[in-house]
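Asker: fold the following for me, if possible:
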Amino acid sequence: MESYFFTNQMIQSYSKEVKLKQNELVIMNLSTIYYTIIEPNSLVGYRTTRKRKSDDYAYEDDLEYYSDTYGGVNTPTLPRSKSKSKSKSKSKSSTKSSKSKSQSPKPQPQGKTRRIRFTLNIPSESRKKDIATERNNNISKVISKLADLTCKGEIDKVYGIQSIRKGISFTNEKNIYDIVVLADRKILNSKENMDTKLREYIRGVMIVEKGECKRYPDIYAINLICANTEGLSKYLMGLYVYTIKKTPKISQWGILEVGGNYTNVSAFCLYHKFGFQHERYLINDCFQDNAKGNLPMILDVSHFTIKNIIDIVTNKLRLPKDDLCNIKDEALQNKIALYTKIKYVLEHQKDYSYLRNFFIDYKQDIDNMYKDIGLKPDYLNRSKYDPQPVLNQIDYYINNLYIQEW
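Answerer: As a prediction, this is how the structure comes out:
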């Protein structure tokens, strides 16, 4: 349950710099997710009372610990007298001493520091089984619901489930995946059930994967990033870039792919906000996108200072964005994004079996595009398709769409 990328120290430092607390938000890494969200409520916090059912916990009252400094679990017990009772007077003395132990602690061995006696709460076997069952049920709920609740149906459901499962895995021995969740701060003290915590307090999630891009096996790529509240994704993106910058021993590049390509306008423009750019050489031999339906982007983090990153998150520094992000008319923006995506796929997809599926999925949109540029749709009439006639005219048409905005 240890985070190797999003460490506690990294999150605390970043949260302080972007003043997350003032916005009533908190970022939780893997260990905090388990403690705050997944761990059964009955185990969260410290037990200060013995008013429990007898089958819940067994109690041990007479453990006396010592150490040279503060002591702790597994510290050896204090040595006891070899003879339990040699005379009645000693027995009475011993009894009296026991009764007044809280007022008059017995002398300690030289060089040892007395620790206050405490009570260990040990779950019974039946309770352990109940706890394990509840914990496993909570893990299953997080895996099945977290991506759906944060991504609002904008990504493939199966992909989302697989990403979350990898992110919260106990067996992440090679430090390949890491996860953070953005949430309302109220979740830290919430005693509500799992469903309520997920539904009421979770605002976003981000998962990184080392080596997701085959071309760069040492780069931590964003595997999944989603937020269900407008304007909050920047805190997750900022943490990703900040973590890379603050960890000079790892590759100083950020990399990701935009799911849905240009039609995922909000994500595309978020990445541009932080300086990510599309690079054609990443189309092949990087992400596993045989359909060419996504858009790879990369960022050289070495060009930024920590202050630059914080200023971008807090909107004090605004980097130039793609012209698509500056379109105010939403309908026009979506149309440009759609036609740009169609153009992208036609340029880079050479396998007709993938193209045919793409044509079927976007038939109405492609028909409209052909009509707009004055060509007859013929892409489903041949076993081999030549996209060049439409590509010769689509750039000119898209440029004219941009002019409409101005």
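Asker: what residues are up against I312?
Answerer: 234, 238, 273-275, 318-319 (C-beta atoms under 8 Å, 6 or more residues apart in numbering). All C-beta atoms are positioned from the backbone trio N, CA, C, and that covers glycine.
Asker: residues near Q393, how many?
Answerer: 15 (other C-beta atoms under 10 Å).
Asker: please apply the same query to Q333.
Answerer: 18.
Asker: so, low pLDDT: which residues of the protein?
Answerer: Scanning the chain for pLDDT under 70 picks out 1, 42-123, 170-174, 380-384, 406.
Asker: would you list every one of the strands in it?
Answerer: Assigned strands in the chain, in chain order: 25-28, 57-60, 66-67, 113-114, 120-123, 177-184, 202-210, 220-227, 253-258, 277-278, 295-300 (criterion: DSSP state E).
Asker: quick one: buried residues of the last one?
Answerer: Neighbour counts using 16 or more other C-beta atoms under 10 Å place 295-299 of strand 295-300 among the buried residues.
Asker: returning to that earlier point: helices - which of the contacts of I312 land there?
Answerer: Members of those lying in helices (criterion: DSSP state H): 234, 238, 273.
Asker: make CSV out of the residues you listed and add distance to K245 and neighbour count.
Answerer: Formatted as CSV, the entries for the ones in helices among the contacts of I312 read as follows, by distance: C-beta to C-beta, whole Å; neighbours: other C-beta atoms under 10 Å:
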residue, distance to K245, neighbour count
K234, 16, 17
G238, 10, 21
K273, 16, 20
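Asker: reformat those residues as a markdown table; add distance to M194.
Answerer: Output for the ones in helices among the contacts of I312, formatted as a markdown table (distance: C-beta to C-beta, whole Å):
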| residue | distance to M194 |
| --- | --- |
| K234 | 28 |
| G238 | 28 |
| K273 | 33 |
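Asker: rewinding a little: using TSV, please lay out the strands of the chain together with distance to D130.
Answerer: As requested, the strands of the chain are exported to TSV (distance: least, C-beta to C-beta, whole Å):
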stretch	distance to D130
strand 25-28	25
strand 57-60	12
strand 66-67	34
strand 113-114	37
strand 120-123	9
strand 177-184	26
strand 202-210	25
strand 220-227	32
strand 253-258	41
strand 277-278	51
strand 295-300	47
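Asker: out of those strands, flag the one nearest V265.
Answerer: strand 253-258 (9.5 Å; C-beta to C-beta).
Asker: the closest one versus strand 202-210: what angle between them?
Answerer: 120 degrees (axes from the mean of the first three to the mean of the last three C-alpha atoms, to 10 degrees).
Asker: show me how far strand 253-258 is from its chain's centre.
Answerer: Offset of strand 253-258 from its chain centre (C-alpha atoms, centre = their mean, to the nearest Å): 15 Å.
Asker: repeat for stretch 233-241
Answerer: With C-alpha atoms, centre = their mean, you get 11 Å for stretch 233-241.
Asker: list the buried residues of that stretch.
Answerer: In stretch 233-241, counting by 16+ other C-beta under 10 Å, buried: 233-241.
Asker: just the buried residues of strand 295-300 now: which is nearest Y4?
Answerer: L299 (21.0 Å).
Asker: so what's the closest one closest to, chain neighbours aside?
Answerer: G254 (4.1 Å; C-beta to C-beta, 6 or more residues apart in numbering).
Asker: please report the distance of that neighbour from C226.
Answerer: Look at G254 and C226: by C-beta to C-beta, to the nearest Å, they are 17 Å apart.
Asker: tell me the domain ranges of this protein?
Answerer: 8-40+133-326, 327-406 (automatic domain parsing).
Asker: and the end-to-end length of the first one?
Answerer: Distance across domain 8-40+133-326, first residue to last, is 37 Å (C-alpha to C-alpha, to the nearest Å).
Asker: same check on stretch 23-30?
Answerer: 22 Å.
Asker: again, but for stretch 242-256
Answerer: Start-to-end, stretch 242-256 (C-alpha to C-alpha) is 15 Å.
Asker: neighbouring contacts of it?
Answerer: 5-6, 10, 13-14, 17, 212-213, 216, 218-222, 225, 240-241, 271, 274, 276, 282, 286, 296-302, 304-306, 309-310.
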